[in-house]
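Predicted coordinates and the sequence they were generated for:
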Amino acid sequence: MKNTRRRFLRGAALAPAAVLAAPAIVKAQSPIRWRMQTYAGSALGQEVTKPAVDYINAAANGEMEIELFYADQIVPTGELFQALQRGTIDAVHSDDDSMASPTPLRVFGGYFPLATKHSLDIPVLFNQYGLADIWREEYAKVGVTWLSAAGQDPCNFNTKKEVTSLADLQGLKLYTFPTAGRFLSRFGVVPVTIPYEDAELAVQTGELDGMAWSGITEDYTVGWAGVTDYFLTNNISGAWIGSFFVNEGQWADLPEHLRQIVMAGIEASHTYRNQWYWGGEARLRAEGDKLQLRSIPAAEWKAVEEAAIEFWDEIAQEGEVHAKMVQIFRDYNTVIGQAGPPYAFD
């Protein structure tokens, strides 16, 4: 009884100190806050970027919060890299071409002409053919951390004018990516650069004749199917190459377990986008009621494929990294060409 009473008194004496110390032990730290901007407008961003942000915010359990901004909301898309580098924003989801990357990889981001056939080509190129190492190394040189890349939709055309031959491309004013526009100008296309959210209105006012920016899923999602009449089934690239990037200092300061959560969220969003686009492209071609499908005959389109190879040769002359990248695309296309359908088209 004495021992029991003694233990009780000792506990009572210690209680006030324990109570006073408790708040310092359990007090939650303020969450790490990032601002992320995506290349996509608000309608498209709900599908291509927001799933990753939602996953990270939920899994971080209050330790981290990412605020998402859509195309041009903080800075113009063409200034995304500079804003990321100086810390105006903390993370970016974009292709290298649109954000004016100051690396040799700029020309290969977005839609590199005729380099891919399907969205799954992108993770294969990055994880099996060495593109991930090249992206990581090149961005480390300019003080930005590259995290992950994935494919999305092909680059088709949606236009006001009916296109059934290469001659119909002459003089078309199209909203497109810088490198895609550089390539398409060989066929008389006039590339037009405007803010993303202005593209729909630009078609209505006649400033644009259409877009060479996406597949049919995006045309319906963002409203472009409502202002154009035709969808050309030929594409100049089978998959968009886009990545998630983060400010180097912010990534260095992030605890390891939160890094793992960020990467898990990004990878989960890659999976979501793959099925969203793949299913959307098929369903809207088959059942969509806004765009009439048109095609340029394969024999005539062969000229575009041949021009793409010449374009690759020109790009390969621009530097060591360019040559290395072009060789990887050549090697991969040789493999899928030999493999045949479904890896390559007939």
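That came through, no problem.

got the contact list for residue 250?
Shown in contact with residue 250 (Cβ atoms under 8 Å, 6 or more residues apart in numbering): 34, 87, 90, 91. Any C-beta I mention is one placed from the backbone N, CA and C, and that applies to glycine too.

doesn't it fall inside a helix?
Yes. Under DSSP: H, G, I helix; E, B strand; the rest coil, residue 250 sits within a helix.

returning to that earlier point: are any of the contacts of residue 250 buried, and which?
34, 90, 91 (16 or more other Cβ atoms under 10 Å).

Out of these, list just those in strands.
Assigned to strands by DSSP state E, the following of the buried ones among the contacts of residue 250 qualify: 34, 91.

Tell me the buried residues in stretch 270-281?
270, 273, 274, 276, 277, 278, 280, 281.

farthest-separated two in those?
270 and 281 (16.7 Å; Cβ to Cβ).

Mind listing residues that contact stretch 195-202?
39-41, 71-72, 76-77, 175, 192, 194, 208, 211, 213, 222-224, 226-227.

remind me which residues of the chain are low pLDDT?
Within the chain, the ranges that satisfy pLDDT under 70 run 1-28, 346.

which helix is the longest one in it?
The longest helix of the chain (DSSP state H) is helix 256-287.

Same question for the helix or strand just after it: list its buried residues.
Remark: after helix 256-287, the chain's next helix or strand is strand 292-294, criterion DSSP states H and E. Buried residues in strand 292-294, counted by 16+ other Cβ under 10 Å: residue 294.

Check which element follows strand 292-294 along the chain.
helix 298-316.

any idea which residue sits dead centre in this structure?
The chain has residue 242 as the residue nearest its centroid, 3.1 Å off, counting by Cα atoms, centre = their mean.

so that residue, which of the three states?
strand.

Wait, it touches residue 109, no?
Yes. Taking contacts as Cβ atoms under 8 Å, residue 242 lies within contact range of residue 109: 7.0 Å.

Give the residues shared as contacts by these two.
Joint contacts of residue 242 and residue 109 (Cβ under 8 Å, 6+ apart) are residue 95.

which residues in this protein form helices?
Under DSSP H, the chain gives helices at 2-26, 42-48, 50-59, 80-86, 121-128, 131-140, 178-184, 199-205, 216-222, 248-253, 256-287, 298-316, 320-339.

ranking those helices by burial, who's on top?
helix 216-222 (a mean of 24; mean count of other Cβ atoms under 10 Å).

and residue 185, what does it touch?
Here residue 185 is in contact with residue 191 (Cβ under 8 Å, 6+ apart).

Same check on residue 56?
With Cβ under 8 Å, 6+ apart, residue 56 has these contacts: 64, 66, 261, 262, 265.

Pull up the gap between it and residue 130, please.
28 Å (Cβ to Cβ, to the nearest Å).

Can you verify my assumption that residue 170 contacts residue 190?
No. Using Cβ under 8 Å, residue 170 is not in contact with residue 190, being 9.4 Å away.

between the two, which one's more packed in?
Just comparing residue 170 and residue 190: by other Cβ atoms under 10 Å the higher neighbour count belongs to residue 190, 16 against 11.

excluding its backbone neighbours, what's nearest the more buried one?
Closest residue in space to residue 190, ignoring its immediate chain neighbours: residue 173 at 4.7 Å, by Cβ to Cβ, 6 or more residues apart in numbering.

Residue 187 now?
Of all residues not flanking residue 187 in the chain, residue 169 sits nearest, at 4.7 Å (Cβ to Cβ, 6+ apart).

Among the contacts of stretch 195-202, name the buried ones.
The buried subset of those (16+ other Cβ under 10 Å) comprises 39-41, 71-72, 77, 175, 192, 208, 211, 213, 222-224, 227.

among these, which are in strands?
With DSSP E as the criterion, strands contain 175, 192, 211, 213 from among these.

what's the farthest-apart pair in the residues you listed?
So, these by Cβ to Cβ: farthest apart are 192 and 213, at 10.8 Å.

any common contacting residues for the two?
Common neighbours of residue 192 and residue 213 (Cβ under 8 Å, 6+ apart) are 175, 176.

and residue 59, what is it in contact with?
Counted by Cβ under 8 Å, 6+ apart, residue 59 has contacts 261, 264, 265.
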